[in-house]
Structures are given as C-alpha cells and as structure tokens.
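Undergrad: Predicted model, plus sequence, below.
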Amino acid sequence: MIVYRPAIEIPPRADEAALEAVRLQLEAELTHAMQEAASAGGWPTHRTGNDEHVMRGNVPWALRVYAAMMGLFEGFLPGILQRRAAKGKEDPKRLDERLGRALIQRPTGTLVWFHAASVGESLVALSVSEAMRIKRPDLVFLFTSGTRTSGDLVAKRLRAGDIHQYVPIDTPRATAAFTKGWAPDIAVFVEGEIWPNLLYATRRAGIKTALINARMTSRSIENWAARKGLSAFLFDGFDLVLPADARTKMGLTRLRRKPIGPAGNLKLAAKPLEIDATTLQSLKHALGDRPVWLAASTHAGEDVTLLAAHNALLAGAPDALLILAPRHLERRDDIEVDCRLAGMTPVRRSHSEVPNPNDRVWLWDTLGELGLAMSLASVTFMGGSLVEGVGGHNPVEPVQLGSAILTGAYVSNFADLYQELEDEGGARILDDPYSDVIAMNIAGLMGDDAQRAREIAAAQMVIDRGAGAMTRSVDALFGPIAMRAPPFWNIRHGRDAAPMLRALLWPLGVVYRATVARRIARANPLRLPIAVISLGNITVGGTGKTPLAHLIRGELTQMLNGPVAIVSRGYGGVLSGPVQVDPKIHSAKEVGDEPLMLAADGPVIVAKDRAAGGRLAVELGMKAIVLDDGHQNPALYKDLSLVVMDGHTGFGNGQIVPAGPLREPVVTGLARGDAIIVMGAISEDASEDLDRAVPNLAQSRGKNNAPIPILRAHLVAEPVQIEGKVIGFCGIGRPEKFDATLRDLGLDVVDMYPFPDHHPYQLRDLERLTKIAAGYGATLVTTQKDYARLPEAFARTVRIIPVTAIFEEHDPLRALLFHALDSSQKRF
C-alpha cells in the first residue's frame, strides 16, 4: 500500500524559520498519512478485539444463554422475514440486510455508524451527523434502523455517499457478519436501542462504541439493575455514554462503573420536522381562519377521549377543526369508526382530501407529514400521555413549528423536559385529563393569542438552553475518531491494537526522526549575551507549558530585577515577527492566543525565527528570555533546557510520529535536557516510562554522570467569587479538565460548552452563548486562553478562571535557574 501526501519543499538556503516550518509541516503530514493508511487498509486505529472482558472470556451467563437461544432461532429467520415482507413489515428487496449481509461495498475512509430504533431517534442521528460533517467533511456515515418508516425517512435525507441499512436481527451470526462487513470506525447507538448480541459483536470487532442521548424510564433502570452482571458488562463496554436527562444519568451510575458524560437532550437541538412550504401555504389558504388543533401521535385508548374533547370544544367554537394523527397508521380504520361513533365523519389526508367548512375531523394518516400538521395547528396535544405504558412523546417538535403544547400526565419518557417546560410556563400537563378539561385548555389557548404566544416563547427558551447538548456530543464523539492522537499511541506492554499499522508507519517515523536529528546536528546556535531558558517536550501535543512559562518568567524577573521576555513562535497567529506583542494593538488572530494572554503580565516576543526573536529581546533590554516550545529548535544556545512531560500519558508507546506520539527518541530527547518537569498526577504508565528512561540517560548526557533532576508540578485554579449559576465554555485540548476545575471551585455549573482547541470564536457562537446564559440567569466563565480570543465588547460580560502552575518543591527550580544565570554570566 502507498499513501501519498503533498510534497514538502525545503528552500536551498532555508533559514531557521523556514526549517522550523518544514519540521512542523512534516509532523502534521505524517500524522495525516497515518490516518489515511489506517482507513485505506481497513486497520482501525482504535483497539481491536482486546476488550478485557471479551479476552478473558468473562461473558455473563445471561448473555451466553441469550446468544445460544438466538442462535437456534437463526435457521427460521429467512421464512419469518419472508412472511413479514408479505405483510408489508419488511422490504422484500432488502431482507439480506436483516441477516447482516451488506448489499454494497464498504466505502473507504472514516466510517461513522449510527443506529437508531425509529423515526425520532433517526432524526437525532441525522442531526448529529450533519454537525459532525461540518468539522470533518471527509466522514462517511452509515445509518441503521429497524422499521420501514424510519428507513424511508433516512433514505429521503441521506447525503451523497451516505448509506442506510436495516439493522441485522440480533443473532450471533447476523451481527458478526454485519460488523465484519462494515467495520465502522465508531458505532453510535442512539437513546436506548441496545441489542446484546449486536453490542457484543461490535466490541469483539474492536469497534469504538458510544451511547448518546441515552434515555431510560425508571422501570427499565430497575429491570437492568436486577441483572447486575449483564448490565455492567454491556454498559461498561461503551467507550462513551451521554445521557439525555438527569434521571437517566443517575440510573446509569447504578449500571455502569465507568464515567458518564454530562446530561443533555439532543432532541432539543434536532432540526425541525421537514415541511413543504408550497403545500403548507395551499392548506392554510384552504382552511382559512378556522381554529385548528392537533392530537399528535395518539395511541389506542386515547382517541375516544380526544374526540369527546373536540365535541365539547365545538359547543363554543363550532368551526374548530381537529387534526388526528395516530402514531401507528394501521389503526386508521379503527379510528374512523371511533370518529363516526362520536358523530363526526373524518376526511383522510391519505386520500388527498381537504376539509370543507362542515368537516370537523381530519384523519392525518400519512407518513412524514407530522411537521405539516403541527404547522397548521395553533395548539398540539401530545399523545401517548393519556394511557399508561407509552410514556409520552417529544414536545420539542411542535414548539419548533410554533404550536403550543398540551399533554396528559403519563410522560415518563420525557419527565425532566416536561417538568422544566411546565415550570417555565411553556407547557400544560393535565393531571386530570378528562375530555372537558382538555377542551377547556384548548379553548383558552385558541382564544387568547397573547397567552399562546407567551407559552410558545417560554417553551422555546427551554429548548434554547439545550443547544449545548449537540456541541458537547459532537466534540465527545470526535474523541474516539480524532486524527491527532490515535489511541494506539498510548498502548503499551504488548497490548498494541494495531501492530501491523504501527509497523507500516515505523519507516515514516524514521524519516521524521532523521529530519529532526539532522537539523539539530547541523545547527550553529546563536549565543546571546543573556540567559536562555528553554521549555519544551518530546511528544506531540500540549503538556501545560504556557502556565510554566508564565511562572518561570516571574521567577527570573524577580531574580534579575529586570524585564524577562517569553519568545514564542505564535501558534495560530499570522505574524512571522519578530515583534513584541502589545495587547492594545495585536489580536489573537495576529499573534496567537497564548502570546496575547502572556503579554498581559510581561514582555512577549513572537518570532517564527527564534534567533531573530532572541536578538530583538537583547535590543529591547531584556535580562533573559524563556523560549517556549524550544526543545527541538536549535536556533539559540540554551543555558537551561527543561523538558515537560504529561503526567497522565507519559511517552506513549515509545514510537516516533506517526507511529507514536514522540518527536524524537526518549533517551535522545531527554539527554539534551537539564531537568524533567512532570505536570499533573503521574499515572502508573508514565511512572514506568520514567523508570525505564532515566537509568539510560547518564552516559548519553555526559554531564558528570549526574542523574537528571525530576521536578513535580501541577495546575491550580485561583479562587473566584461568582454568585449564582455559571455556564462554562472553552476551546482547549481537554475541556473536561476545565469543567472539573469549575466544579472543584464549588461553582454552580449548570452547563458546559466545549469548542475545538484554539477555536476562533464567531459572532454566532457568542450570540448563542449570551442567549443561553440569559435564559438561565447565569454568568459565562472561560479560560484565560479563550478570553484572549474574544471580542472586547463580549469579553466584558465574561469572567475568567485564572490557572497557575505550582511546583511541589520550589527550591530545586530556583537552584536550576540560579545555575543557568551564573553560567550565562560566565560565558560573557
């Protein structure tokens, strides 16, 4: 296999800035090559088949029995499917899909598989896929569902290149064939559609799994809790779980031992139901100014009550029209009988009939047109709420289309949402839903335009609060399929999930390693008449260097009693420099967010050519400089080189990018350092990384065989006083850390909105955040880095959570700095 990436040209007489740009471009292209090789070759960059429970065979007996029973059922499947097809319950041309057989070939590239039970869940899946596509247009999406109704809906909305398949019957053979044939990069299950064999087959295939918008009733939680072994096995198997509401999150804590993400209902962020504008205008014209109300998604046992309510309504509003839309269309003939028994002959939408002024009931018995009915009705009664066992239906859809909401008392599926809507005056929950009570409430809303508008506005405000659920879910889903840090980069000790892929990428790492080594070996570092303290790392990605740079600049300023500059390449900025950053003049777009933030407390110089930046520092009268991310940059002679290591990830799998996270071999990189700074609590893997590397450093360092000092530091948020609720937002590498910081400070966090790292905030982002905060009466809070990227007018409304670096022992750091300053003075 050959993977092509754009050629990288090196100018014949490249200066240091050009060479640095080449190194960074090579680093990025190698990472992209790794991802392309994985996708094209069919090798997942996640774990493959090494799930601990699966490998050890710790499969619960209940799952074994279930699998065995479903296995016996397999021989009867073809006949059963044929009979279902004859009844119209299956697509006769696609029965093979129900057996796990793909009718088309798997597309190349990163494949994201969404499984949804029916129409509502499929709409959520489609909305999430569109949000993901904005960030990654290269993604390909596979949608599965179990009903013909949802299949028809998805087929209408598929983008070019996307695929719909019917989910395989939950037998061992069908599910194994499906996962093997499609081999998606991630499987996303929507709400609560959990088929044990399908989930088990997905895990055995090593496919990352996510459960989003998870929604469980109290009864289902209790049922799962009664099967502790099976529930723990299934729910712990998900790599990501995002509940739709607080009740489900609390219930999942009983079923799952691993972390659970923040709650947020994705149906609040789903797009409105589609309507045909021409048809809508035509029907509105035909109905004129008749008062219209809708009984949406009704179930058996509800229609008689709602028809009685309509008869009561007609006493005061004789021209009122009821649109009756059953949840299941096979009930339409029975409903017509109920209408006639109530003294009203319905007209049918499926017959293209339009009510005349004497018609009182419009039987809405078509698929995919519920949005049209909601757009015609000023008031919508949500069905499934008058009888036990259904749990109500989603109230978001009518609100999005401008219809006020009524419901019965049985709304367990959306209990939290309905309660919030009722508390804000955005919905009416009828605890005694007799026909006369329903009629009275409908008449009140129809007859008072101002009150109806207030209730719709209140409901819309509640929906707007949930807008962050989509952003959180999409950002979380990109974790398992992120391009920058493949999971196998951090797999150690023979647990490698992709040994062949790593072996194929190893030669590219050799090229990168040679490029870095050659540049360092051939360099002629500029010796400045001031001390140069370098901060860097030997891995790709951030390790908390920015707060360290701020701390060390402060220490040096105090020790030298004079100005000390941080010299940065200005990641994310367009200026090449050298230029001294002025917060009054420059923006984050020009110099990068980190330099702009650091410039608030002291001198910062942005320079792609670090030697030029050093010379400018001398001209400006600086007493010393702190070289940010300078470990692989040989442009300047360093009096002290500090290597920063992430205490959680350590040095990963020990391979050079793109086969691993390293920029250079561990011993080679550490040997050029004068000390190691471990940031954050150290994990067992990172501790072992150090234990293996440190004994081999003495000879390589050649510094009197002295052991390399290891310093420990961590980040601490400064206490802040904020009364009331807060909403956090940030665009950093690990937003969950900021969320944890806010909660550790004891703040009342009602929501968190993560953005991509170094996100350039747009006006629409800020307007949305402002609107959501106003709805909660909350204060917006963010990080210092994010604050630097905000427009001044908006920034005035946002509070910052300052974070500082703290060393467990400060004296060793000061000793290193004193020694570096002394060495610098002796050189001149």
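TA: Great, that's in hand. Residues are numbered from 1 along each chain as shown.
Undergrad: my guess is residue 163 contacts residue 103, does it?
TA: No. The pair residue 163 and residue 103 does not pass the contact test of C-beta atoms under 8 Å, sitting 9.6 Å apart. Using the backbone N, CA and C atoms, a C-beta is placed for each residue, glycine as well.
Undergrad: Show me the strands in the stretch 1-150 of the chain, by range?
TA: Remark: strands assigned in the stretch 1-150 of the chain by DSSP state E, counting those that start in this stretch are 111-115, 140-145.
Undergrad: Nearest to residue 217, out of these?
TA: Residue 217 lies closest to strand 111-115 among the strands of the stretch 1-150 of the chain, at 19.8 Å (C-beta to C-beta).
Undergrad: Please state the offset of that closest one from the chain centre?
TA: Strand 111-115 sits 15 Å away from the centroid of its parent chain (C-alpha atoms, centre = their mean, to the nearest Å).
Undergrad: Alpha carbons of it, as CSV, please.
TA: Taking Å, rounded to 0.1, in the frame of the first residue of the first chain, the C-alpha atoms of strand 111-115 are listed here in CSV:
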residue,chain,number,x,y,z
LEU,A,111,-17.0,5.4,8.6
VAL,A,112,-19.3,6.5,11.4
TRP,A,113,-22.2,4.1,12.1
PHE,A,114,-25.4,5.4,13.8
HIS,A,115,-28.1,3.0,14.9
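Undergrad: give me the low-pLDDT residue ranges for the stretch 401-550 of the chain?
TA: 466-467, 479-506, 509, 541-543 (pLDDT under 70).
Undergrad: Would you map the strands across it?
TA: Using DSSP E, counting those that start in this stretch, strands in the stretch 401-550 of the chain cover 404-407, 428-429, 531-536.
Undergrad: Report the buried residues of the last one.
TA: Looking back up the chat, that one is strand 531-536. Neighbour-count burial for strand 531-536 flags 531, 532, 533, 534, 535, 536 (criterion: 16 or more other C-beta atoms under 10 Å).
Undergrad: Repeat that for stretch 163-180.
TA: 163-179.
Undergrad: Now the terminal residues of that stretch, how far apart.
TA: 16 Å (C-alpha to C-alpha, to the nearest Å).
Undergrad: Check stretch 564-584 too.
TA: Across stretch 564-584, the terminal residues are separated by 20 Å (C-alpha to C-alpha).
Undergrad: Name the residues of it that are buried.
TA: In stretch 564-584, counting by 16+ other C-beta under 10 Å, buried: 564-573, 575, 577-581.
Undergrad: can you tell me which of these are in strands?
TA: Taking DSSP state E, the ones among the buried residues of stretch 564-584 that sit in strands are 564, 565, 566, 567, 568, 579, 580.
Undergrad: of the residues you listed, closest to residue 554?
TA: Closest to residue 554, out of all of those and judged by C-beta to C-beta, is residue 564, at 8.3 Å.
Undergrad: Turn the strands of the stretch 1-150 of the chain into a markdown table, columns for distance to residue 630.
TA: Output for the strands of the stretch 1-150 of the chain, formatted as a markdown table (distance: least, C-beta to C-beta, whole Å):
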| stretch | distance to residue 630 |
| --- | --- |
| strand 111-115 | 39 |
| strand 140-145 | 40 |
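Undergrad: need these in TSV with mean pLDDT, can you?
TA: As requested, those are arranged in TSV below (pLDDT from 0 to 100):
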stretch	mean pLDDT
strand 111-115	93
strand 140-145	92
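Undergrad: So for residue 801, which of these sits nearest?
TA: Nearest to residue 801 among those is strand 111-115; the distance by C-beta to C-beta comes to 33.4 Å.
Undergrad: Neighbours of the residue nearest to residue 148 when sequence neighbours are not counted, how many?
TA: Distance criterion C-beta to C-beta, 6 or more residues apart in numbering; nearest residue to residue 148, sequence neighbours excluded, is residue 91 at 6.2 Å. Applying other C-beta atoms under 10 Å, we find 16 other residues in the vicinity of residue 91.
Undergrad: Greatest separation within the buried residues of stretch 564-584: which pair is it?
TA: Using C-beta to C-beta, those span at most 23.3 Å, a distance reached by 564 and 572.
Undergrad: coming back round to it: as JSON lines, the strands of the stretch 1-150 of the chain with distance to residue 457 and mean neighbour count would be great.
TA: Shown next, in JSON lines, are these (distance: least, C-beta to C-beta, whole Å; neighbours: other C-beta atoms under 10 Å):
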{"stretch": "strand 111-115", "distance to residue 457": "33", "mean neighbour count": "25"}
{"stretch": "strand 140-145", "distance to residue 457": "34", "mean neighbour count": "24"}
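Undergrad: between those strands, which one is nearest to residue 354?
TA: Taking C-beta to C-beta as the measure, the strands of the stretch 1-150 of the chain were each checked against residue 354, and strand 140-145 came out nearest at 32.0 Å.
Undergrad: Show me what that closest one is packed up against.
TA: strand 111-115, helix 119-135, helix 148-157, strand 163-166 (3 or more C-beta pairs under 8 Å, 6 or more residues apart in numbering; DSSP states H and E).
Undergrad: hmm, 6 Å instead?
TA: If contacts are counted by 3 or more C-beta pairs under 6 Å, 6 or more residues apart in numbering; DSSP states H and E, strand 140-145 sits against strand 111-115, helix 119-135, strand 163-166.
Undergrad: So what's the gap between the helix or strand encompassing residue 241 and the chain middle?
TA: Using DSSP states H and E, residue 241 falls within strand 240-243. Centroid separation for strand 240-243 versus its chain: 10 Å, with C-alpha atoms, centre = their mean.
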